[in-house]
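Trainee: Predicted coordinates and the sequence they were generated for:
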Amino acid sequence: MAALSSLGRSVPLVVILGATGTGKSRLALELGRRLRGEIVSADSMQVYKGLDIITNKVTAEEQRLCEHHMISFLDPLVSSYSVVDFRNKALSIIEDIMNREKIPIIVGGTNYYIESLLWKVLVDTKEGTVCSAADGDFVTSSTKRKEELEKLDFQELYTRLVEVDPEMAEKLHPHDKRKVARSLQIYEETGIPHSKLLLQQREEEGGGPLGGALRFPQPCIFWLHADLPVLDERLDHRVDEMLAAGLLEELNSFHKQYNQQKIAKNSQDYQHGIFQSIGFKEFHEYLISETTSNEIREKLLTQGITALKQVAKRYARKQNKWVRNRFLKRPGVNVPSVYGLDVTVVSQWEEMVLQPALQIVESFLKGEKPVALPLTMAQDQNDGKRNRRVCELCDKIILGDQEWKAHLKSRNHQYHLKRKRRAEAQLNTHTSSDSENTAQEV
């Protein structure tokens with residue numbers, strides 16, 4: 001797979017990470033045009049036809065400027081497309097690009113799609129299908145079985161997992177049906193507990209604490225990041241631009257063609273396929289309100305826009321958190337370096353983003369160490385991500401040391417703590433009074 005460039009060096013795999021709204025597609029396009037690269041989208045929603053605006057696909061004109069792959073090839077009604085399907089198709093495309101001595105540029109915001117390309121995190125099952133052994137939010141090829149398991153009561157699901165894989169059950173929250181169902185499914189398909197597969201993967205040559213070996217020895221990875229207030233403002237503006245570009249018309253058309261009949265049958269599903277796109281389900285009430293008054297529709301529209309802006313910001317934070325946790329906080333033999341590019345000031349794009357990125361990629365092409373230093377962060381090898389605690393006061397199970405600290409500071413916990421202290425104070429007062437009365441009687 002490691003084809004040679006005209007410089008006599010291995011063609012690098014370029015990966016562009018970053019939160020939504022940071023300009024990943026722009027950088028990919030500019031690098032692709034200048035370095036004879038081809039772009040491979042790693043976005044779980046862009047694989048589907050339709051909803052071009054809400055999924056922020058590159059335009060037809062941009063696709064003509066540089067070859068793009070893995071965009072708009074899947075029917076919107078397909079709900080069984082998985083990370084395995086993506087990985088198989090994308091790796092074949094990457095190999096072809098490298099064999100033609102061009103640079104594959106991976107760009108997208110779906111974390112587990114990117115992980116499936118960077119690391120060997122999928123294992124073959126006895127039936128010849130494939131499932132994920134990674135300790136992340138992966139989907140397996142047998143999507144139907146996973147969906148069947150998710151329909152079970154969470155307590156029944158968790159009890160089953162405790163019976164077949166108590167070690168994995170200890171790491172998962174009983175209410176996390178998706179991950180519990182995934183672990184059960186992996187056991188059903190392989191006959192091996194999920195926890196054991198994870199251990200085997202970590203112990204393989206090139207593996208590490210977070211999973212299997214890297215597929216590509218030295219990928220060139222960029223992280224586009226911006227100051228949070230600036231990014232939030234940019235995301236709000238981006239939603240406004242989507243509306244101006246015809247977002248409502250797109251949503252209404254897609255709703256009538258694909259979702260209206262599902263809603264009539266009460267079978268709509270915003271958890272699988274393209275229907276889980278950020279921005280579609282947020283307008284559900286607006287889309288089904290055609291027969292209501294204009295005043296109500298306007299109110300529902302405003303609520304949908306507000307919800308879209310909020311969920312976009314939450315998703316951006318989730319994407320950045322993944323980069324920090326997966327690449328920076330817990331480095332190891334199978335964790336590649338990441339080069340940070342500050343996109344806070346758009347007017348400085350050329351000198352702060354494009355030129356540094358070009359210089360770094362060219363260093364990789366020459367087999368040289370880039371002048372720019374990769375990002376570093378205080379190591380977090382023993383962050384206790386899966387440590388389990390029970391807060392009897394709030395009747396909650398908390399996973400992770402950081403989550404436990406956050407829970408102790410939470411408003412809900414503080415409320416129960418104050419109630420407990422008041423109750424104890426009252427009990428102590430009554431006890432003291434009873435003691436005094438007893439002493440006086442004596």
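Mentor: Yes, it's here.

Trainee: ok, now which ones touch Gln155?
Mentor: Pro174 (CB atoms under 8 Å, 6 or more residues apart in numbering). C-beta here means a position set from N, CA and C on the backbone, and glycine is covered the same way.

Trainee: State whether it is indeed within a strand.
Mentor: No: remark: Gln155 does not belong to a strand; assigned using DSSP: H, G, I helix; E, B strand; the rest coil, it is helix.

Trainee: quick one, phi/psi of Lys420?
Mentor: Torsion angles at Lys420 (phi, psi; degrees, to the nearest 10) stand at phi -60, psi -40.

Trainee: Report how many residues lie close to it.
Mentor: By other CB atoms under 10 Å, the residues close to Lys420 number 11.

Trainee: the strands in the stretch 201-350 of the chain, which residues?
Mentor: 220-225, 338-342 (DSSP state E, counting those that start in this stretch).

Trainee: same deal with the stretch 1-150 of the chain?
Mentor: 14-18, 37-41, 68-69, 103-107, 122-124, 130-132.

Trainee: re the thing from before, out of the strands of the stretch 201-350 of the chain, deepest packed?
Mentor: strand 220-225 (a mean of 23; mean count of other CB atoms under 10 Å).

Trainee: Residues in contact with it: which ones?
Mentor: 12-19, 22-24, 27, 320, 323, 327, 336-343, 353, 357, 360-361, 364, 375.

Trainee: If we use 7 Å, what do you get?
Mentor: The set of residues external to strand 220-225 that reach it, using CB atoms under 7 Å, 6 or more residues apart in numbering, is 12-18, 22-24, 27, 320, 323, 336-343, 357, 360-361, 364, 375.

Trainee: And stretch 19-32, by the same measure?
Mentor: Residues outside stretch 19-32 that contact it (CB under 7 Å, 6+ apart): 14, 16, 18, 37-39, 58, 62, 65-66, 105, 107, 109, 224-226, 231, 234-235, 238, 312, 315-316, 319-320, 343, 353-354, 357, 361.

Trainee: Please give me every residue in contact with the residue lying closest to Val345 once chain neighbours are set aside.
Mentor: With sequence-adjacent residues excluded and distances taken as CB to CB, 6 or more residues apart in numbering, Val345 is closest to Met352, at 6.8 Å. Taking CB under 7 Å, 6+ apart, we find Met352 in contact with 341-342, 345.

Trainee: Show me which of the residues you listed is closest to Asn294.
Mentor: The nearest member of those to Asn294, counting by CB to CB, is Val345 at 41.6 Å.

Trainee: So which bits of stretch 298-313 are buried?
Mentor: 300-301, 304-305, 307-309, 312-313 (16 or more other CB atoms under 10 Å).

Trainee: Rebuild these as CSV, extending it with distance to Ser293 and pLDDT.
Mentor: CSV is the format used below for the buried residues of stretch 298-313 (distance: CB to CB, whole Å; pLDDT from 0 to 100):
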residue, distance to Ser293, pLDDT
Leu300, 11, 95
Leu301, 13, 95
Gly304, 16, 94
Ile305, 19, 96
Ala307, 21, 95
Leu308, 23, 95
Lys309, 25, 96
Ala312, 29, 95
Lys313, 31, 96
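
Trainee: Quick check: the residue nearest to Val345 vs Leu224, distance?
Mentor: 10 Å (CB to CB, to the nearest Å).

Trainee: Kindly report the same for Gln261.
Mentor: On the measure of CB to CB, Gln261 and Leu224 end up 40 Å apart.

Trainee: now Tyr258: how far from Phe283?
Mentor: 14 Å.

Trainee: Give me the more crowded residue out of these two.
Mentor: Neighbours per residue (other CB under 10 Å) separate Tyr258 from Phe283, with Phe283 holding more: 23 against 18.

Trainee: Okay then, goodbye and thanks.
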